[in-house]
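Chemist: following is a predicted model, sequence given first.
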Amino acid sequence: MADLTVKFDVLVIGGGNAALCAAISARRAGASVLVLEGAPKFYRGGNTRHTRNMRCAHDAATDILTGPYTEEEFWDDLLRLTGGQTDEELAKFMIRESKDILNWIVEQGVRWQPSLGGTLSLGRTNSFFLGGGRAMLNALYLTAEKLGVEIVYDAEVIDLDIEHGMFLSAKLKQPIDGTSEIRASALVAAAGGFEANIEWLKEYWGEAADNFLIRGTPYNRGSILKMLLDKGVQDIGDPTQCHAVAIDARAPKFDGGIITRHDSVVFGIVVNKHAQRFYDEGEDIWPKRYAIWGRLVAAQPDQIAYIIFDASVRNSFMPTLFPPIEGGSIAELATKLELDPAALEKTIAEFNAAVRSGTFDHTILDDCRTEGITPPKTHWARRIETPPYLAYPVRPGITFTYLGTRVNRQARMVMKDGKPSANMFAAGEIMAGNVLGKGYAAGIGMTIGSVFGRVAGREAAKNARN
Amino acid sequence: MHGTKILEEADRLMTVCNSCRYCEGLCAVFPAMEMRRAFSDGDLNYLANLCHACGACYTDCQFSPPHEFNVNVPRTLAVARAESYAAYAWPRAFAGTFARNGLVISLVAALSVAAFIFGFAALHDRQVLFGTHTGPGAFYKLMPHNAMAALFGAAFLYAIGALAMGVRAFWRDIGEPIGMKTDARALLQAIRDAGELRYLDGGGVGCFNEDDRPTDHRRLYHHLTFYGFALCFASTCVATLYHYLLAREAPYPWWDLPVVLGTLGGIGLLIGPIGLLAERWKRDSILVDEARYGMDVAFIAMLFLTSLTGMALLILRETAAMGPLLALHLGVVFSLFVTMPYGKFVHGMYRFAALVRYAMERRAMAQGTAE
């Protein structure tokens, strides 16, 4: 057990990818490092546990990547998906650094594999972790321990002593060996966003937030983020926004992870609790079609919706954790879903009548569409007419929040007056809003975590020595 | 609906895993799972026997206990695997031997050792039993070669027959949907995969045993055990050929092939089982089927005793201890043979068959993709 009474060179608060990359990089730079992970050991690592890949730029195909993904292409993608809500200098810096991360992360014990079954579209851009995010985390923890990084679990920080932008100490909720005040020469905050804090979400979403499901760790309550912003660190990112996808309504409130997702919207229609359609199910191809439905469902009454399809497409998408709800007739299905049978029959009849046949191909924007109904289904529209009729109930599944601490290229926090902090750094979701002001692309959260974690650790170690 | 509770649980887990797939790079089980959307009893028994119990998928899983999804693939498949051994046992009447396997194997071993000792004592006076015999044919003063060959030949053939019937039942159970026929390529691939224990490496870092630090110990000890056993078996085969083709009778001098093979194999078969037993002892109980502890230990112990008594016989064969040691060794080997179809030995048979099946499936998939 670490002696927590000594002053550490670098204190890392958090325990995910960004935190461990920071801890390892600071330790390799010669600093003494303490990691305070608020979660118990099993739940260590925040949302990194649920991740599976990382998006890094590379100039040529590798053993596991099918082709090049240049810095320019990465930047173009980022610019498009954020709609320009990104710090260009920081973003380009991150993309450049991401190239080296592909190798650096392997030196820290993480192993890559080609893209998983069902994710061929990511085979060129994203490197997958062999064994998934928890395997990646386990490797980082083993490396950190081997290097002599001190790690404490169940170590919730409830206060930070910060004076004029200078971190002095952190206060633990539960004293460890009689110590509750942890001192360090530099701080790396890598404690995630606030998506698991329903009360905080309610500030922006009202009572609807009660019906949100949180896809990841219940420990990302944003307490460190709040402390930093309250103590003079400049914020960045829209506080009202979060990334949400439609996930199975039967999923647990927290931590259901990736397996509760549904990507079957294009194969059917989506109705709300009044059995009414409310958005074009054929608007766009993956991944956009996947990412917009959380927000759309959040705007519906009671934040619930139902993906309705029929037996003909049952095996057209990845097998799901929860089986679809079945009905021999539309009315029977509606009854099981507690929808008005007549209303659902009418909605489907109108939809079926509006379908104009074409050549179905779910990998492109095909020519199967509806005519004469609102909203239309502009692609992949096919009649729902082969029993049994099937449905997945879905709710908004919150993945992450965008509000964060502003940082510079050293991952050093910037104070409200625009001056860089003397000794405070941030990495991961807590500062992702600098680069990712809105939107999402697979694996980009991990890139932000590893790149800025590595930088933050290095800079914090340097800072501590001076 | 499945035949047993454990297959129900295995089905639940494979449904969870099939919607996640993070583990597909770790071993053969998950790619095989991905080739299916639903799981029959046969599919689950196939996956259970394909699993080498490296534990990586447990350590790497974000949904393993205490998570409410309670995903514990290694243990669930271990229980399913052990139940499948009983289900495929031939004759059916002996299926129950798997339930209290440690006890059954110990009893059979004790009885057969006792039978050899009493047999030797009944047939010979003390001078022969405790006498010093040297030179060719020394062993046969205690038991005529033809009697030995007939008894062990019969035991061996019985074991082979019963094992073959079990594998046949397994192969039929897992036969659909791609049919029963196999070919040389799949067999060769399976021989390679089994010979290297390719899927006992946690996807490259080693298997997980007592904690979340991967090691390669189990694979090493298993290699020592398996190849030790194979060398001992080869030694016996060479000796049989010597006897019938060259009319050269045992015991053979220390430099002769049967003794060299037997000694090398015997050393492997001493170190390997001790290592496996120690690893089994240390193994995190969350990963294993605790109810089958007796089966695991009994098999390892029998292999160890086979080697120990054989090595003792080699060292002391020119002393008065030879007679009793020969009885002991023959008793142990005899019980090893007759219990082969009713103990942990069968894991090798079913796992090999599963690997053959996997090689076939993988090729079928690759061809399907290419077309």
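Modeler: Thanks, I have it.
Chemist: neighbours of the closest residue in space to A:G222 that isn't next to it in sequence, just the number please.
Modeler: Spatial nearest neighbour of A:G222, chain neighbours left out: A:F194 (2.4 Å); criterion: CB to CB, 6 or more residues apart in numbering or on different chains. Glycine gets a C-beta too; all of them are placed from N, C-alpha and C. Counted with other CB atoms under 10 Å in any protein chain shown, the neighbours of A:F194 add up to 27.
Chemist: same question, A:W104
Modeler: 17.
Chemist: likewise for B:L269?
Modeler: Neighbours of B:L269 using other CB under 10 Å come to 28.
Chemist: quick one, what contacts it?
Modeler: For B:L269, the contacting residues are B:224-225, B:228-229, B:232, B:303-304, B:306-307, by CB atoms under 8 Å, 6 or more residues apart in numbering or on different chains.
Chemist: figure out the helix or strand that it lives in.
Modeler: B:L269 is part of helix B:257-282, with elements assigned from DSSP states H and E.
Chemist: buried set for that helix?
Modeler: B:258-259, B:261-266, B:268-273, B:275-277, B:279-280 (16 or more other CB atoms under 10 Å in any protein chain shown).
Chemist: again with stretch B:203-217
Modeler: B:203, B:205-209, B:212, B:214-215, B:217.
Chemist: can you tell me if the helix or strand of chain A with the lowest mean pLDDT touches chain B.
Modeler: Ranked by mean pLDDT, DSSP states H and E, the weakest helix or strand in chain A is helix A:288-298, scoring a mean of 83. No - Helix A:288-298 lies out of reach of chain B by CB under 8 Å from any CB of the partner chain, never closer than 14.8 Å.
Chemist: tell me which other helices or strands that helix touches.
Modeler: strand A:242-248, strand A:305-310, strand A:389-401 (3 or more CB pairs under 8 Å, 6 or more residues apart in numbering or on different chains; DSSP states H and E).
Chemist: quick one, the first one and strand A:389-401 angle?
Modeler: Between strand A:242-248 and strand A:389-401, the angle formed by their directions is 160 degrees, by axes from the mean of the first three to the mean of the last three CA atoms, to 10 degrees.
Chemist: let me know whether strand A:242-248 sits next to chain B.
Modeler: No - under the criterion of CB under 8 Å from any CB, chain B is not reached by strand A:242-248; the shortest gap measures 9.9 Å.
Chemist: contacts for that strand?
Modeler: Contact partners of strand A:242-248, identified using CB under 8 Å, 6+ apart, comprise A:193, A:195, A:201, A:212-213, A:215, A:256, A:260-262, A:265, A:290-291, A:293-298, A:305, A:307, A:320-322, A:392-402, A:440.
Chemist: so of the buried residues of stretch B:203-217, which ones are in strands?
Modeler: Using DSSP state E, no member of those sits in strands.
Chemist: ok, which of the residues you listed also contact chain A?
Modeler: B:203, B:205, B:212.
Chemist: list the contacts of the first one.
Modeler: Contacts were defined as CB under 8 Å, 6+ apart; by that measure B:G203 touches A:111, A:113, A:130-131, B:25-27, B:56.
Chemist: how about A:I214?
Modeler: A:195-196, A:198, A:253-255, A:397-398.
Chemist: what does A:K99 give?
Modeler: Contacts of A:K99 (CB under 8 Å, 6+ apart): A:56-59, A:71.
Chemist: switch the cut-off to 6 Å
Modeler: A:A57 (CB atoms under 6 Å, 6 or more residues apart in numbering or on different chains).
Chemist: how near is it to chain B?
Modeler: A:K99 sits 23 Å away from chain B, going by CB to the nearest CB, to the nearest Å.
Chemist: wait, a strand at that residue?
Modeler: No - going by DSSP: H, G, I helix; E, B strand; the rest coil, the assignment for A:K99 is helix, not a strand.
Chemist: tell me the predicted confidence for whatever residue of the stretch 151-300 of chain A ends up closest to chain B.
Modeler: Proximity of the stretch 151-300 of chain A to chain B (CB to the nearest CB) peaks at A:I259, 4.3 Å away. pLDDT recorded at A:I259 is 95.
Chemist: how many other residues sit next to it?
Modeler: A:I259: 27 surrounding residues under other CB under 10 Å.
Chemist: with B:T132 instead?
Modeler: Neighbour count for B:T132, taken as other CB under 10 Å: 12.
Chemist: export the helices and strands packed on helix A:288-298 to JSON lines and append columns for distance to B:L103 and mean neighbour count.
Modeler: Below are the helices and strands packed on helix A:288-298 laid out as JSON lines (distance: least, CB to CB, whole Å; neighbours: other CB atoms under 10 Å in any protein chain shown):
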{"stretch": "strand A:242-248", "distance to B:L103": "47", "mean neighbour count": "25"}
{"stretch": "strand A:305-310", "distance to B:L103": "55", "mean neighbour count": "26"}
{"stretch": "strand A:389-401", "distance to B:L103": "50", "mean neighbour count": "26"}
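Chemist: these: lowest mean pLDDT?
Modeler: If you rank these by mean pLDDT, strand A:242-248 sits at the bottom with a mean of 93.
Chemist: what's the average pLDDT for the biggest helix by length in chain A?
Modeler: Counting by DSSP state H, the longest helix found in chain A is helix A:444-465. For helix A:444-465, mean pLDDT rounds to 97.
Chemist: and the angle from it to strand A:389-401?
Modeler: 20 degrees.
Chemist: give me the distance from helix A:444-465 to the chain's centre.
Modeler: 19 Å (CA atoms, centre = their mean, to the nearest Å).
Chemist: switch the ones next to chain A among the buried residues of stretch B:203-217 over to CSV; also include pLDDT and distance to A:V270.
Modeler: As requested, these are exported to CSV (pLDDT from 0 to 100; distance: CB to CB, whole Å):
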residue, pLDDT, distance to A:V270
B:G203, 89, 38
B:V205, 90, 43
B:D212, 89, 42
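Chemist: go through those residues and name the one nearest B:H52.
Modeler: Taking CB to CB as the measure, B:H52 lies nearest B:G203 of these, at 11.4 Å.
Chemist: leaving out chain neighbours, which residue sits closest to the closest one?
Modeler: B:L26 is the one closest to B:G203 (CB to CB, 6+ apart), at 3.9 Å.
Chemist: and B:F98, by the same measure?
Modeler: B:F98 sits nearest to B:A86 (CB to CB, 6+ apart), 4.1 Å away.
Chemist: what about that neighbour, how many neighbours?
Modeler: Counted with other CB under 10 Å, B:A86 comes out at 17.
Chemist: and it, what pLDDT?
Modeler: pLDDT, B:A86: 96.
Chemist: the helix or strand where it lies packs against which elements?
Modeler: Here B:A86 sits within helix B:73-88, counting by DSSP H and E. With contacts defined as 3 or more CB pairs under 6 Å, 6 or more residues apart in numbering or on different chains; DSSP states H and E, the packing partners of helix B:73-88 are helix B:5-18, helix B:41-50, helix B:145-173.
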